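> Just a sequence and a predicted model for now, questions to come.
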Amino acid sequence: MTLTVKPKTWPGAIREVTLGAGSRQGLTIGGGKGLPLHTFEAAFPRRPLLALEITDVDPPRWVDTVRAPWDGALGRPDVAAKRAVEEYGADVVMLHLVGTHPDRGDRSPAEAVEATRQVLDAVGVPLIVKGPGGGSRQNDVLVRVAEECRGEGLVLHSAAQEDYKSLAAVTVAYGHVLVAESPIDLNIAKQLNILLSDANVDMDRVLIDPMTGGLGYGLEYSYSVMQRIRLAALGGDRMLNAPVICLVGEEAWKAKEVKVDGTPAAVWGDRARRGVQWEIATALPLLEAGADLLVLRHPEALAEVRRVVDGWFVAGS
Amino acid sequence: MALTGLQIFKLLPNTNCKKCGCPTCLAFAMKLAAGKESLDKCPDASPEAQAALGAASAPPIRAVTIGHGERAITVGEETVFFRHEKTFVHRPGFFRVLDASTPASAIEDRLTDWSAIRIDRAGEVFRVDGIAVVESPGSPEFAPAAAQAAAAHGLPVAILAATTKGAAAAAEPIKDRRPLIVPPAGADPGPFVALAARLGAALVVSGADLDSLAAAAADAARAGVADILLEPPGDDLATLHKHLTLVRRGALERIHPGLAYPVFLRVGAGEFSKAVVGTSTFASIMAVADSGGETWMPLWTLRQNIYTDPQQPLRMDPGIYAIGEPTGASPLLVTTNFSLTYFTVSTELDGVGVACYLAVVDAEGLSVLTAWSAGKFSGDRVGKALRELKAAEHVSHRTIIIPGYVAVISGELEDALGDGWQVLTGPQEASDIGPFFRDVWETARPK
Ligand code: B12
Ligand code: SF4
């Protein structure tokens, strides 16, 4: 007797989106035709990509255990970018412009452009540029970077439902990719993509950031909303079939459990290793839920997730 | 899969005798299909009909219990593939591996330490759920001694066997405590099936593919083993994940009775990613070789995330909670009734060692910022809740500390409270409460 579990087939597929252009070596994500990682029953022409996060200024909030591997490179984006790519094997780099936040350095858009250029000169991989977060400064900074670095296929992080117009415009005008961020909500994710396509942004240039809750701090919400987004996409919803990006490192390293020594020590174990595994245990479930691009912080977490992904997609792209 | 009304109708006598209280057999069948009637109301139903309906209404995955007493663990009975469809039913059990390199003199200490672990996190207690004793032919006394010691601590026991003889020696003395026998990879299942059937123990079966796995389970069931777990094949994560997925899907689709069981997984030293994938993808019992907190803390937390109700965040009862032994002059703080928020803040306050009152207000189980953006933590609402909780009766002063993320509500809250109340904005992160007490509260506090 032979058992057959019917393979699942779907009318829809995830879009392919190419990150990086111009002087960048372009890399494509998406294209999956089945449930995430279900490589045994559906075609996955592209494997998920792994990025490392670097910053324009020394990020004071990073815990010592994740600062360690970046020793000497924090606040030196060119050095950090080279290390991320050449030593740690990142496919993509995310430059987080923390220093442009009014409370964390208040650096000008011109300085942001300068930092971005340093990274573009240092490495040839696609670059994600993340602004300081909501508010008008986010737009000032990202719009300037998009203008000055035209044609590089930057991934601009991010536009939100309340404020997407200027970023939509520069994405179209200067050939970039735009991350559409929604707060763990499928309807808002869809609504924002409709707004973006009404603003003439080609859906082949959009990534969804469904917002990551770190392990123990909302991961379950991100996980389930991503599974639902993926089911909708495979069901044929063309406003939800963009590849998904997750900022794993930022959320995982916020957890109290990676910061404290914890008592008794025998029960909490080694703090540095705990942090790395916290990041891995945030990353892998999100891959299973449908992430196509993960942004990590610790190179050891990247190395382990890389080992898993490469093993999974042996014959892949 | 449940039967449809028409399928059930075909199994009924079709005499329309009305003894069940329904005008026709068809009407009765429809009610059965909807789960609104039970078959015993029809006195003439055939044994075949009873069997078919019984099988169709049984849960698609059997319940299996390992251990005995307060710490016994039940797994299985899952009904869905995605957690957003319906809450997963039973959290997986994480068993800690105790191997024969442990000196006899250290077994007791180790078990005492492991069984005492209890970490409270957001409404759940993390514990070691069981002990996986490794049987080693080289030290035949080890497994029986370790298994009995673990059982004496009340902990469920799995025996990672090397030989049938060794497994018998370890399992026999604790057979009343429902041990789980795990044969070595690739072993001839026959003798282990006979052993498990004889002792009434639970058994893990394995197979090189889905077919042989299901067949092995069906064979064991026929031989009289009631409690079975499936160990799906997969040396690499992709293959393992494939089988974990297909076993679950096959069970839910009821394609073979041999798939209707929970899943067992061994996680060797250093195989953290395998444990992560097992936890998120349907493993029911995992024997984890690493014992360090750097592995267990993230695994417990991931399990907590995956197995909570996706519709209902864990909540605390609203109320005024005392931290330490506060007096009328102690600080009074306010937060939401989301368990995770309460837990984060209260453990921080415990750690700081300043006795105080923490008012937990009903914000529908949402975190501070989520609650605020959903309108559940506005100044008005918080003010009203604090009055209902009679906050003023707990302290002699009129100062309330609010979370830093909702600094914007302070004016509205002062207005809502009136009566000379003063709002003090605390830090954004709970971890900064210590310095806040020292630097801000000490100077600002009402003297
Ligand atoms: C998980 C999550 C959800 C879950 C809900 C989880 C829950 N039970 O609350 C879901 C998916 C349902 C959700 C929904 C929404 N969310 Co939401 N969500 C999050 C997320 C990812 C994590 C929240 C969390 O659990 N934090 C952990 C807890 C422990 O944090 P906390 O309660 O703030 O407690 C900390 C501090 O405040 C402090 N603290 C707490 N109490 C006290 C007390 C005192 C005295 C002091 C001093 C300190 C203190 O200590 C804690 C640790 O430091 C955050 C983003 C993020 N990464 O933080 C967004 C976030 C909070 N959500 C947001 C939004 C906008 C929403 C929605 C309105 C979106 C929508 N769909 O329309 C809805 C509203 C819900 C509703 N019912 O309508 C925004 C809020 C924006 C803002 N600045 O106001 C955030 C920040 C995301 C974002 N950047 O856009 N969300
Ligand atoms: S009692 Fe049985 S046979 Fe009689 S009407 Fe009801 S279902 Fe039909």
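Looks like it came in fine. Ligands and ions are numbered 1, 2, ... in the order given.
> Report the closest residue of chain A relative to chain B.
Closest residue of chain A to chain B, CB to the nearest CB: A:G269 (3.0 Å). Every C-beta, even on glycine, is put in place using the N, C-alpha and C of the backbone.
> give me every residue that touches the closest residue to that residue other than its chain neighbours.
Nearest residue to A:G269 in three dimensions, chain neighbours excluded: B:G293, at 3.0 Å (CB to CB, 6 or more residues apart in numbering or on different chains). Residues near B:G293 by CB atoms under 8 Å, 6 or more residues apart in numbering or on different chains: A:262, A:265-270, A:274.
> same check, this time on B:E141
By CB under 8 Å, 6+ apart, the contact set of B:E141 is B:A104.
> And it, how close does it get to B:P43?
Distance from B:E141 to B:P43, counting by CB to CB, to the nearest Å: 60 Å.
> same thing with B:A444?
Distance from B:A444 to B:P43, by CB to CB: 78 Å.
> Just the pLDDT for the residue in the stretch 201-317 of chain A that ligand 1 sits nearest to.
Ranked by CB to the nearest ligand atom, the top residue of the stretch 201-317 of chain A for proximity to ligand 1 is A:G218, at 3.1 Å. pLDDT recorded at A:G218 is 92.
> now swap in B:E325 and tell me
94.
> B:A355 is in contact with that one, correct?
Yes: counting by CB atoms under 8 Å, B:E325 does reach B:A355; the two are 5.3 Å apart.
> Compare these two (neighbour count), which wins?
Of the pair B:E325 and B:A355, B:A355 is the one with more neighbours under other CB atoms under 10 Å in any protein chain shown, namely 15 against 7.
> Could you look up the SS state of A:D310?
Assigned with DSSP: H, G, I helix; E, B strand; the rest coil, A:D310 falls in the helix class.
> Around it, count how many other residues there are.
As a measure of burial, A:D310 has 11 neighbours, counting by other CB under 10 Å.
> For it, list the residues it contacts.
The contact partners of A:D310, by CB under 8 Å, 6+ apart, come to A:R47.
> so which helix or strand takes in the residue sitting nearest the centre point of chain B?
Centre of chain B computed as the mean C-alpha position; nearest residue by CA atoms, centre = their mean is B:R91, 2.6 Å away. Secondary structure assignment for B:R91, by DSSP states H and E: no helix or strand.
> May I ask you to confirm that the residue of chain A closest to chain B is in contact with B:W296?
Yes: here A:G269 reaches B:W296: they are 7.4 Å apart, a contact under CB under 8 Å.
> With neighbour numbers in mind, choose between those two.
Higher neighbour count among A:G269 and B:W296: B:W296, with 24 against 20, using other CB under 10 Å.
> tell me the domain ranges of chain B?
B:5-57, B:64-307, B:319-444 (automatic domain parsing).
> Next one: the longest one, is it in contact with ligand 1?
Pointing back at domain B:64-307 there. No: interface with ligand 1: domain B:64-307 contributes nothing (CB under 6 Å from any ligand atom), its closest point being 8.6 Å away.
> what's the burial count for the residue in the stretch 51-200 of chain B that ligand 2 sits nearest to?
Nearest residue of the stretch 51-200 of chain B to ligand 2, counting by CB to the nearest ligand atom: B:L53, 11.9 Å away. Counted with other CB under 10 Å, the neighbours of B:L53 add up to 20.
> Is it within a helix or a strand, and which one?
Using DSSP H and E, B:L53 falls in helix B:47-57.
> my guess is A:R15 contacts A:P243, does it?
Yes: using CB under 8 Å, A:R15 is in contact with A:P243, at 6.7 Å.
> list the residues that contact both of these two?
Common neighbours of A:R15 and A:P243, using CB under 8 Å, 6+ apart, are A:G30.
> follow-up on the earlier one: starting at the chain centroid, how far to the helix holding B:L53?
Put simply, helix B:47-57 sits 31 Å off its chain's centre (CA atoms, centre = their mean, to the nearest Å).
> Look up how far B:P60 lies from the closest residue to ligand 2 within chain A.
Scanning chain A for proximity to ligand 2 using CB to the nearest ligand atom identifies A:K6 as nearest, at 33.9 Å. Relative to B:P60, A:K6 is positioned 16 Å away (CB to CB).
> So the two - more neighbours on which side?
Neighbours of A:K6 and B:P60, each counted by other CB under 10 Å, are more numerous for B:P60; the result is 20 against 10.
> So which bits of stretch B:330-344 are buried?
Buried positions in stretch B:330-344, judged by neighbour count with 16 or more other CB atoms under 10 Å in any protein chain shown: B:330-344.
> likewise stretch B:117-127?
For stretch B:117-127, the neighbour count (16+ other CB under 10 Å) marks B:117, B:119, B:121-124, B:126-127 as buried.
> Who are the contact partners of whatever residue of chain B ends up closest to ligand 1?
As assessed by CB to the nearest ligand atom, ligand 1 sits closest to B:G426 within chain B, at 2.7 Å. Shown in contact with B:G426 (CB under 8 Å, 6+ apart): B:333, B:401-404, B:433, B:436.
> Would you format these as a markdown table with pLDDT, distance to ligand 1 and secondary structure included?
Conversion of those to a markdown table gives the following (pLDDT from 0 to 100; distance: CB to the nearest ligand atom, whole Å; DSSP: H, G, I helix; E, B strand; the rest coil):
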| residue | pLDDT | distance to ligand 1 | secondary structure |
| --- | --- | --- | --- |
| B:L333 | 97 | 4 | strand |
| B:I401 | 97 | 5 | strand |
| B:I402 | 97 | 6 | strand |
| B:P403 | 97 | 3 | coil |
| B:G404 | 96 | 6 | helix |
| B:I433 | 93 | 6 | helix |
| B:F436 | 93 | 7 | helix |
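> Would you mind putting these into CSV with distance to chain A alongside?
Below are the contacts of B:G426 laid out as CSV (distance: CB to the nearest CB, whole Å):
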residue, distance to chain A
B:L333, 17
B:I401, 19
B:I402, 20
B:P403, 15
B:G404, 13
B:I433, 12
B:F436, 16
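> now those as a markdown table including distance to B:V267?
Putting the contacts of B:G426 into a markdown table (distance: CB to CB, whole Å) gives the following:
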| residue | distance to B:V267 |
| --- | --- |
| B:L333 | 41 |
| B:I401 | 44 |
| B:I402 | 44 |
| B:P403 | 39 |
| B:G404 | 40 |
| B:I433 | 37 |
| B:F436 | 42 |
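> re earlier: which pair of the buried residues of stretch B:330-344 spans the longest distance?
B:S330 and B:L340 (24.4 Å; CB to CB).
> same for the helix or strand A:Y223 falls within, what does it pack against?
Element membership for A:Y223 (DSSP H and E) is helix A:219-234. Applying 3 or more CB pairs under 8 Å, 6 or more residues apart in numbering or on different chains; DSSP states H and E, we find helix A:219-234 packed against helix A:186-198, strand A:244-247, helix A:271-289, helix B:293-307.
> Need the contact partners of it.
For helix A:219-234, contacts defined as CB under 8 Å, 6+ apart pick out A:10-14, A:33-36, A:184-186, A:189-190, A:208, A:210-213, A:240-242, A:244, A:246, A:282, A:285-286, A:288-291, B:82-84, B:280, B:302, B:305-306, B:308, B:310.
> ok, now with 7 Å
Identification of contacts with helix A:219-234 by CB atoms under 7 Å, 6 or more residues apart in numbering or on different chains yields A:10, A:12, A:14, A:35-36, A:184-186, A:189, A:208, A:210-213, A:240-241, A:244, A:282, A:285-286, A:289-291, B:82-84, B:305-306, B:308, B:310.
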